[in-house]
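Engineer: Below are the sequence and a predicted model for it; my questions follow.
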There are 2 protein chains.
Amino acid sequence: MRVVALAGGVGGAKMVYGLAKCLPAEDLQVIVNTGDDFTHFGLKICPDLDTVCYTLAGMSNSETGWGRSGEHWNVMETLRKLGAPTWFRLGDLDLATHLERTRRLRNGQLLSQITADFCQSWGISIAVIPMSDDPVATRIELKDGGVLDFQEYFVRHRCEPVLRAIHFEGAKAAEPAPGVLEAIRRADVAIICPSNPWVSINPILAIGGIRDTLAAKKVLAVSPIIAGRAIKGPAAKMYREMGIAPSASAVAHTYLGLLNGFVLDTADHGEVNDIARWGIIPFATNILMVDSNDRKRLAQEILEYCARL
Amino acid sequence: MRVVALAGGVGGAKMVYGLAKCLPAEDLQVIVNTGDDFTHFGLKICPDLDTVCYTLAGMSNSETGWGRSGEHWNVMETLRKLGAPTWFRLGDLDLATHLERTRRLRNGQLLSQITADFCQSWGISIAVIPMSDDPVATRIELKDGGVLDFQEYFVRHRCEPVLRAIHFEGAKAAEPAPGVLEAIRRADVAIICPSNPWVSINPILAIGGIRDTLAAKKVLAVSPIIAGRAIKGPAAKMYREMGIAPSASAVAHTYLGLLNGFVLDTADHGEVNDIARWGIIPFATNILMVDSNDRKRLAQEILEYCARL
């Protein structure tokens, strides 16, 4: 079975890690959100791409959920002494990724090619593809009228401001990166990972051609919400601020028109009838991925469920 | 006595360090070459400014002659593993300088203001002023017809290619940074430090208004060449490739029309008559600065000589 996965940061990375343990490398491709990419200290930083790659390479920091394991902080500590902003934590090892990516981009290389080269260097055998080589910027419009760049909202302000709307600047003009539509077309099933629908998956779906190409495929999503709470991050808070009660079925509803199947936690088993009523075949299991065994077990269950879809 | 110093990298930094030990902070200002600044990995790197500042702050690496003492190499080592270019060595501590400078420049701050802020942060009390806030790029035209950016020539190719000409791109359009001409006007004497005349001092003199303003002042230079050899760097090789035998008097000749005095090593005492014939008052002493006592001793001797000029 050929699988294409759509992923954002931590939750998506864990799901892809599990799928990579269950599938031959040539049967798994992952399309990653780049809407939360930003430029900081002149460096191009791609948080979701890096989280997915670091996780697949086994070099992610499992305690923080971001960055690299065995990280050092010489640069950051020196920046602090110089009075520089330190709200976005850049580790020494992580910085090398941003520096080399920035150098190559300035030399005219494409983000998709750079990502492929990095994956090879890091021993990642599955294809990790940024959703687009063109810049797309997730911008958070606040209830009080201001607008924040995503990382300012997400990291600097810890998702505390109340939002009114989310915009993906540049998405209309952006083209899918080379390999994105091909990966969807050749897949037997597309899996939307348990990433934040608002800021991790919707930016991918906003790129011209991706949603339409997905619509012709068997698509399932995995809920990032259990018992009304996001496993990690601001997804539940975002649903509330958008006027929607956060729940697994609310997530399924976000992807309505696209989904054939939906994977939710057994804690939300009471919602399966609602979901089934929308023509989506629900599958309730333990979706919390605490360790790498969980990732593999969940991936295996989902692949078996896909085969039955 | 109020002094303005013109400086490039290592030799200039040592001279300025000595002068700073002999003069009240308000009586010393230093104008630093920025012609060898360049952008690497997207970061703005100002080697001469950093060498002068690190030296004045007592945090320079005296063994290498560049970079910071107590440096770490986590980023560089990780870049190497990623297949990135490593010919320009960027230490972890040093990188923080480039990152924060790049961030501020991108925010529209001027290099001169950023340098002043960094000096304050590093406890440097004398004014360190870049020659210009505008970009000037020293480019090395090679005998074989190619052209190299200065750092490519200097670091990557270790000054090995034979040069034909040196160009300061942008120098004609560049304005002196705020404070540069004022520093010269208020000085009783201008000291051209023992820096490379071709690529450290000439770029400063190429900025509109600097040479003319200096010409109205008492000016002396300190030779970077002893017994036909550069104390450090490619100055002697450059003289040879320009068709001039490298010597202290050749350096004095480079600045002809500008100099009232010239400081050379006792090893070159035989050249004092030639220099005096050009209307320049020579002063021969031990100009080699091996340790910080040498720097202070030489600075003191030069200041006494200035008083007699």
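Structural biologist: Great, that's in hand.
Engineer: to the chain's geometric centre, what's the distance from the longest helix anywhere in chain A?
Structural biologist: Across chain A, the longest stretch assigned as helix under DSSP state H is helix A:292-308. Relative to the centre of its chain, helix A:292-308 is centred 18 Å away, using Cα atoms, centre = their mean, to the nearest Å.
Engineer: Okay, buried residues for it please.
Structural biologist: Using 16 or more other Cβ atoms under 10 Å in any protein chain shown as the test for burial, helix A:292-308 gives A:295, A:296, A:297, A:298, A:299, A:301, A:302, A:303, A:305, A:306. For the C-beta atoms, the positions are set from N, CA and C on the backbone; glycine is no exception.
Engineer: Can you lay out those residues as JSON lines showing pLDDT?
Structural biologist: Listed next are these as JSON lines, based on pLDDT from 0 to 100:
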{"residue": "A:295", "pLDDT": "96"}
{"residue": "A:296", "pLDDT": "97"}
{"residue": "A:297", "pLDDT": "98"}
{"residue": "A:298", "pLDDT": "98"}
{"residue": "A:299", "pLDDT": "98"}
{"residue": "A:301", "pLDDT": "98"}
{"residue": "A:302", "pLDDT": "98"}
{"residue": "A:303", "pLDDT": "97"}
{"residue": "A:305", "pLDDT": "96"}
{"residue": "A:306", "pLDDT": "94"}
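Engineer: Among those residues, which one sits closest to residue A:26?
Structural biologist: The closest of the buried residues of helix A:292-308 to residue A:26 turns out to be residue A:303 (Cβ to Cβ; 15.4 Å).
Engineer: Would you confirm that the closest one contacts residue A:5?
Structural biologist: No - Residue A:303 lies out of contact with residue A:5 (Cβ atoms under 8 Å); the separation is 11.4 Å.
Engineer: what touches both of the two?
Structural biologist: When Cβ atoms under 8 Å, 6 or more residues apart in numbering or on different chains defines a contact, the residues bordering residue A:303 and residue A:5 alike are residue A:19.
Engineer: Closest to chain B out of the buried residues of helix A:292-308?
Structural biologist: Proximity of the buried residues of helix A:292-308 to chain B (Cβ to the nearest Cβ) peaks at residue A:295, which lies at 26.0 Å.
Engineer: how about the residues of the stretch 1-150 of chain A near chain B?
Structural biologist: For the stretch 1-150 of chain A, the contact set with chain B under Cβ under 8 Å from any Cβ of the partner chain comprises A:39-44, A:72, A:74-76, A:78-79, A:81-85, A:92-93, A:95-97, A:99-100, A:102-103, A:106, A:117-118, A:121.
Engineer: Among those residues, which are located in strands?
Structural biologist: When the residues of the stretch 1-150 of chain A next to chain B are checked against strands (DSSP state E), the matches are A:39, A:40, A:43, A:44.
Engineer: give the contact list for the closest residue to the second one other than its chain neighbours.
Structural biologist: The reference is to residue A:40. Leaving aside its chain neighbours, residue A:40 sits nearest to residue A:88 (5.6 Å; criterion: Cβ to Cβ, 6 or more residues apart in numbering or on different chains). Contacts for residue A:88 (Cβ under 8 Å, 6+ apart) come out as A:40, A:45, A:151, A:155, A:156.
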